[in-house]
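Enquirer: 3D, please:
(one chain, ligands or ions: 1)
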Amino acid sequence: MLQSNRMNGLHPYVPGEQPKDREYIKLNANENPYAPSPKVGKAVIDFVENHREKMGLYPDPDSNELHAAIADMLNQCGGVLCRAKVDGDKVTPAEEDKIPFTVTTDMIYTGNGSDEVLSFVFYAFFDSGEKFVLPEFTYSFYPVYAGFYNIPMDTIALKSDWTLDTEKMLSSAHADNGGIIFANPNAPTGLGLTREQVRQMLLKASPDKIFIVDEAYVDFGGQSCIPLLKEFKNLLIVRTFSKSLCGAGQRLGYIVANPELINIVTTVKNSVNHFPIDALSQVSGKTACSDVAYYVETSKKVVEEREKFYDFLKEKGFFVLKSQTNFIFAKHDKIPGADLYKKIRDQGILIRHFATAGIEDFVRISIGTAEQMQALRQAIENIL
Ligand SMILES: *Cc1c(COP(=O)(O)O)cnc(C)c1O
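Expert: Numbering: from 1, shown residues only. Next up is the predicted model:
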């Protein structure tokens, strides 16, 4: 046999489909329907046209300017774009999102998408001798990494209202002496814990075990845990440019944590690929962070369309979870999830259906532009 036993045991992640048979409205991968800030386009053109020689050189291995720009963006918006206030170019956090300290450059780590970041985090903090704890329904890449690194896990069922069972997660973590990971807000449910709920978990969790919160969607209305970082040295927050920063094609994800944790992940990175962020992504990422006002506006637009769509689905008799993200998780008791997905696809719109026991009745729908959502509402009307 050519391949290793390790290789034979892999169960890779299956992404939302990208069919080529016709033009679809794509509401299946939680991408942002808006393009990045025009400033990002200009900066990339300027880099390629006027600094082409830099493409022949290795980029800054520490991505220092990018990290400074990310820290600055977080300080401006408080880590939740959709609630931030904009006055001209000036952005200030909503009262509830104010961070009681300044996020500094040494608290940031970046990688090629938060998927790569998560992979290094799993390697750095979870051990093969200890089960880590995760919710039953959450980002489906976590179990993939568990398999990849051969780390045992303990999966905790959600409560009947689809929220995390924080008590069970904690008791399992204590029993197994392992770390904890979950997305907040969670996917695919779209439901989030408040910062105070996470704080209560952290108070009860072991301070010697990693506690990872994946905030991929928090900019659309959750509560960020960044303000808790000074109180809890074992807290590690993963975030991404792919959703609220309209940059899924950029492949930029990042960590916000205390410098000791950042140094640990950096050691892993430097043992695999010393230069993960290419020069062009450093430029485009840095520039995106310099135009926070733009992304506050696009996030607000997504939230507005989400609320409109929520009301529509309710009115049409769907069971809908109250999302704090850029997607909605819903089901109809007369139309199975797989049928709904197929019938909407036949009308040129892609949404996501998971053939996973327990959530197979649901579909997950990413929030698009006003026009895309209008087309989707029409498609659903046609089906009903
Ligand atoms: C989309 C998503 C990611 C991955 O983001 P990338 O930065 O594009 O790799 C990570 N975690 C969650 C919960 C996500 O939904």
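
Enquirer: So residue 341 is in contact with residue 353, correct?
Expert: Yes: at 3.8 Å, residue 341 and residue 353 qualify as touching, with contact defined as CB atoms under 8 Å. (Each C-beta comes from the backbone N, C-alpha and C, glycine too.)

Enquirer: residue ranges for the strands of the chain, please.
Expert: Taking DSSP state E, the strands of the chain run over residues 25-26, 85-87, 90-92, 108-112, 132-135, 153-156, 180-183, 211-214, 235-240, 252-257, 319-320, 327-331, 349-350, 362-366.

Enquirer: Need the residues touching each of residue 341 and residue 353.
Expert: Counting by CB atoms under 8 Å, 6 or more residues apart in numbering, the shared contacts of residue 341 and residue 353 are residue 363.

Enquirer: For the strands of the chain, please prepare a markdown table with the additional fields mean pLDDT, distance to residue 42 and mean neighbour count.
Expert: Shown next, in a markdown table, are the strands of the chain (pLDDT from 0 to 100; distance: least, CB to CB, whole Å; neighbours: other CB atoms under 10 Å):
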| stretch | mean pLDDT | distance to residue 42 | mean neighbour count |
| --- | --- | --- | --- |
| strand 25-26 | 96 | 26 | 19 |
| strand 85-87 | 97 | 20 | 13 |
| strand 90-92 | 97 | 20 | 15 |
| strand 108-112 | 98 | 22 | 24 |
| strand 132-135 | 98 | 41 | 25 |
| strand 153-156 | 97 | 45 | 19 |
| strand 180-183 | 98 | 33 | 26 |
| strand 211-214 | 98 | 31 | 26 |
| strand 235-240 | 98 | 23 | 26 |
| strand 252-257 | 98 | 18 | 26 |
| strand 319-320 | 98 | 40 | 16 |
| strand 327-331 | 98 | 30 | 24 |
| strand 349-350 | 97 | 31 | 20 |
| strand 362-366 | 98 | 27 | 27 |
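
Enquirer: residues contacting residue 165?
Expert: Residues in contact with residue 165, defined by CB under 8 Å, 6+ apart, are 135, 156, 157, 158, 159.

Enquirer: From these, pick the one nearest the ligand.
Expert: Comparing these against the ligand with CB to the nearest ligand atom places residue 135 closest, at 11.4 Å.

Enquirer: the longest helix in the protein is where?
Expert: helix 292-315 (DSSP state H).

Enquirer: For that helix, buried residues please.
Expert: For helix 292-315, the neighbour count (16 or more other CB atoms under 10 Å) marks 292-303, 305-306, 309-310, 312-313 as buried.

Enquirer: angle of that helix against strand 362-366?
Expert: For helix 292-315 against strand 362-366, the angle by axes from the mean of the first three to the mean of the last three CA atoms, to 10 degrees is 150 degrees.

Enquirer: other SSEs contacting helix 292-315?
Expert: helix 64-77, strand 85-87, strand 90-92, strand 319-320, strand 327-331, helix 370-383 (3 or more CB pairs under 8 Å, 6 or more residues apart in numbering; DSSP states H and E).

Enquirer: Residue numbers of the stretch 101-250 of the chain in contact with the ligand?
Expert: The stretch 101-250 of the chain has residues 113, 114, 115, 139, 183, 187, 214, 216, 240, 242, 248 near the ligand, with proximity defined as CB under 6 Å from any ligand atom.

Enquirer: Contacting the ligand as well, which ones from the buried residues of helix 292-315?
Expert: The subset of these within reach of the ligand, by CB under 6 Å from any ligand atom, is empty.

Enquirer: circling back: quick one, which of the helices and strands packed on helix 292-315 gets closest to the ligand.
Expert: Of all those, strand 327-331 comes closest under CB to the nearest ligand atom, at 8.8 Å.

Enquirer: wait, does the closest one contact the ligand?
Expert: No: residues of strand 327-331 are not located near the ligand by CB under 6 Å from any ligand atom, the shortest gap being 8.8 Å.

Enquirer: chain center to that strand: distance?
Expert: Distance of strand 327-331 from its chain centroid, counting by CA atoms, centre = their mean, to the nearest Å, is 17 Å.

Enquirer: Mind jotting down where the helices sit in the stretch 101-250 of the chain?
Expert: With DSSP state H, counting those that start in this stretch as the criterion, the stretch 101-250 of the chain has helices at 113-125, 141-149, 166-176, 195-204.

Enquirer: looking at those, which is buried most?
Expert: Most buried of these by mean neighbour count (mean count of other CB atoms under 10 Å) is helix 113-125; its value is a mean of 22.

Enquirer: packing partners for it?
Expert: In terms of contacts (3+ CB pairs under 8 Å, 6+ apart), helix 113-125 is packed against strand 108-112, helix 141-149, strand 211-214, strand 235-240, strand 252-257, helix 259-269.

Enquirer: Tell me which of those sits nearest to residue 278.
Expert: strand 108-112 (8.6 Å; CB to CB).

Enquirer: what are the pairing partners of that closest one, and which direction each?
Expert: Strand 108-112 sits in its sheet next to strand 252-257 (antiparallel), going by DSSP bridges.

Enquirer: residue contacts, residue 100?
Expert: Contact partners of residue 100, counting by CB under 8 Å, 6+ apart, are 227, 230.

Enquirer: Next one: it relative to the ligand, how far apart?
Expert: Using CB to the nearest ligand atom, to the nearest Å, residue 100 is found at 26 Å from the ligand.

Enquirer: Need phi/psi at that residue.
Expert: Taking degrees, to the nearest 10, you get phi -80, psi 20 for the backbone angles of residue 100.

Enquirer: got the contact list for the closest residue in space to residue 238 that isn't next to it in sequence?
Expert: Of all residues beyond its chain neighbours, the one nearest residue 238 is residue 214 (4.7 Å), with distances taken as CB to CB, 6 or more residues apart in numbering. The contact partners of residue 214, by CB under 8 Å, 6+ apart, come to 114, 118, 139, 181, 182, 183, 184, 237, 238, 239.

Enquirer: hey, what's residue 214 bridged with?
Expert: Counting by DSSP bridges, residue 214 is bridged to residue 183, residue 238.

Enquirer: Done for today, thanks.
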